[in-house]
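> From the sequence below, what's the structure:
(one chain, ligands or ions: 2)
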Amino acid sequence: LVSRAHQSADTIIRIGDAEIGGNAPAHIFGPCAVESYNQVAEVASDLKQKGLKMIRGGAFKPRTSPYDFQGLGEEGLEILRKTKEAHGLAVVSEIVAPEHVSMAEHQLDAFQIGARNMQNFELLKAVGRSRKPVILKRGMSATIEEFLYAAEYILAEGNGNVVFCERGIRTFEKSTRNTLDISAVPLLKQASHLPVLVDVTHSTGRKEIMSDCAKAAIAAGADGIMAEVHPDPAVALSDRAQQMSLEEFDKFYFSLI
Ligand code: PEP
Ligand code: MN
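Ligands and ions are numbered 1, 2, ... in the order given. Coordinates of the predicted model:
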């Protein structure tokens with residue numbers, strides 16, 4: 001179902017007023033984690049001013065260490081819903097368990113499936129039974145074939161609203177957090193009719209190359225960029241070193257468009 005052989009025309013996925021996979025790139029920016037209403041609202045007004053239509057923020061954070069901030073959970077979803085009401089942005093957030101689908105369905109405009117859950121097949125089936133768009137991130141050691149099959153799980157349950165998101169893979173290279181696999185973009189676009197985003201935050205982990213990598217992604221055919229922005233990265237509860245400040249985000253954004 002995900003293949004170009006099955007459908008030759010590009011699929012356009014609508015998330016709120018945004019269209020991913022259409023003629024113009026559609027970007028998703030926002031903080032790593034939802035920390036408070038004011039934190040999200042500050043980013044939301046900046047995005048709105050720039051004419052952006054979506055915001056991201058994690059309510060359930062799958063952290064490497066169990067002692068790190070795990071996210072606000074349901075309260076984080078509430079904050080996102082209030083942000084949507086106050087700022088008119090579509091809200092995107094990761095869910096990590098099948099039972100989150102019914103809890104989050106009425107709060108979110110799109111589900112994100114994180115890298116660590118790309119092959120959580122019960123979760124894939126659960127979002128597949130919903131009709132809400134799903135941003136599916138590439139597993140950190142997943143091949144393109146496994147990535148395509150993960151999306152197939154969602155489509156096989158009846159939900160055709162899937163967007164791929166390349167977010168870097170694990171290699172021996174230590175200068176970046178992960179290795180951004182630019183070749184994944186044209187490979188996915190050729191293999192599938194579904195749109196492709198590139199997350200420059202979790203792939204590079206380095207603010208000084210995010211702008212160049214984002215341009216490379218768009219040049220390679222990506223349908224949009226994902227990146228993290230926080231009003232005060234120094235006190236962020238997660239990904240402190242990688243989130244852009246609003247000033248850094250300004251430069252990043254205006255170099256991209
Ligand atoms: C995220 O986008 O918030 C995230 C945790 O990224 P990934 O799943 O790609 O590591
Ligand atoms: Mn993050």
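
> Roughly how far does the closest residue to ligand 1 within the stretch 101-250 of the chain sit from I154?
Nearest residue of the stretch 101-250 of the chain to ligand 1: G114, at 3.0 Å (Cβ to the nearest ligand atom). For the C-beta atoms, the positions are set from N, CA and C on the backbone; glycine is no exception. Computed with Cβ to Cβ, to the nearest Å, the distance linking G114 and I154 is 14 Å.

> again, but for L136
Remark: distance between L136 and I154 (Cβ to Cβ) = 7 Å.

> Next: S245.
In this structure, S245 lies at 35 Å from I154, with Cβ to Cβ as the measure.

> neighbour count winner among the two?
Under the criterion of other Cβ atoms under 10 Å, the comparison of S245 against I154 puts I154 first, with 27 against 16.

> in the stretch 151-257 of the chain, which spans are strands?
Assigned by DSSP state E, counting those that start in this stretch, the strands in the stretch 151-257 of the chain fall at 162-166, 196-199, 224-228.

> could you dump the last one to PDB, C-alpha only?
What follows is the C-alpha trace of strand 224-228 in PDB, where atoms were taken according to Å, rounded to 0.1, in the frame of the first residue of the first chain:
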ATOM      1  CA  GLY A 224       9.500  19.700   5.000                       C
ATOM      2  CA  ILE A 225      11.800  20.100   8.000                       C
ATOM      3  CA  MET A 226      11.300  19.200  11.600                       C
ATOM      4  CA  ALA A 227      13.500  21.000  14.200                       C
ATOM      5  CA  GLU A 228      13.400  21.900  17.900                       C
END
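
> Are there helices or strands packed against that strand, and which ones?
For strand 224-228, the helices and strands in contact under the criterion 3 or more Cβ pairs under 8 Å, 6 or more residues apart in numbering; DSSP states H and E are strand 28-30, strand 196-199, helix 200-204, helix 207-219, helix 246-256.

> Around the residue nearest to F164 when sequence neighbours are not counted, how many other residues sit close by?
On the basis of Cβ to Cβ, 6 or more residues apart in numbering, the spatially nearest residue to F164 that is not a chain neighbour turns out to be V196, at 4.6 Å. Burial measure for V196: 24 neighbouring residues, criterion other Cβ under 10 Å.

> repeat for F164
Other residues within reach of F164, judged by other Cβ under 10 Å, total 28.

> hang on, it packs against A150?
No: at 9.3 Å, F164 does not count as touching A150 under the criterion of Cβ atoms under 8 Å.

> picking that back up, nearest to ligand 2, of the strands of the stretch 151-257 of the chain?
For the strands of the stretch 151-257 of the chain, proximity to ligand 2 was assessed by Cβ to the ion; strand 224-228 is nearest, at 5.3 Å.

> what's the average pLDDT for that closest one?
Throughout strand 224-228, pLDDT has a mean value of 98.

> Okay, now the sheet partners of it, with direction.
Based on DSSP bridges, the strands next to strand 224-228 in the sheet, each with its direction, are strand 28-30 (parallel), strand 196-199 (parallel).

> ok so, going back, in a markdown table: the helices and strands packed on strand 224-228, plus mean pLDDT and distance to ligand 2.
Formatted as a markdown table, the entries for the helices and strands packed on strand 224-228 read as follows, by pLDDT from 0 to 100; distance: least, Cβ to the ion, whole Å:
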| stretch | mean pLDDT | distance to ligand 2 |
| --- | --- | --- |
| strand 28-30 | 98 | 10 |
| strand 196-199 | 98 | 9 |
| helix 200-204 | 98 | 6 |
| helix 207-219 | 98 | 13 |
| helix 246-256 | 98 | 14 |
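
> And stretch 90-102, what's buried?
Of the residues in stretch 90-102, those with enough neighbours to count as buried (16 or more other Cβ atoms under 10 Å) are 90-96, 100-101.

> Which ones among those lie within helices?
The helices in this structure, assigned by DSSP state H, contain 100-101 from these.
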